[in-house]
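**Q** Fold the following and give me the result.
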Amino acid sequence: MAAGEKIGCFGLTEPNHGSNPAGMETKAIWDENSKVYKLSGTKTWISNSPV
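**A** Next up is the predicted model:
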């Protein structure tokens, strides 16, 4: 990101908890077999996501 080759986004707001970070239910779990993070959960707003 610092080199300008990647763009980040921020997903905090969830349907059941609003923008309360203490109530977040979404999780990112590392899958050792496929070497990717698998996400579970739902976000309502994700800043910078259309980019």
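
**Q** pLDDT below threshold where in the chain?
**A** 51 (pLDDT under 70).

**Q** If we use 90, what do you get?
**A** Within the chain, the stretches with pLDDT under 90 are 1-2, 4-12, 16-24, 42-51.

**Q** Just want the most central residue of the protein.
**A** G11 (4.9 Å; C-alpha atoms, centre = their mean).

**Q** in a strand, that's where that one is, yeah?
**A** Yes. With DSSP: H, G, I helix; E, B strand; the rest coil as the criterion, G11 is assigned to a strand.

**Q** Quick check, it in contact with T42.
**A** No. Using C-beta atoms under 8 Å, G11 is not in contact with T42; the gap is 9.8 Å. Where you see a C-beta, it was placed from the backbone N, CA and C, and this is true even at glycine.

**Q** Need the overlap of contacts for these two.
**A** T26 (C-beta atoms under 8 Å, 6 or more residues apart in numbering).

**Q** give me the number of residues near K43?
**A** Residues near K43, counting by other C-beta atoms under 10 Å, number 16.

**Q** How about the one 4 residues further on?
**A** Applying other C-beta under 10 Å, we find 12 other residues in the vicinity of S47.
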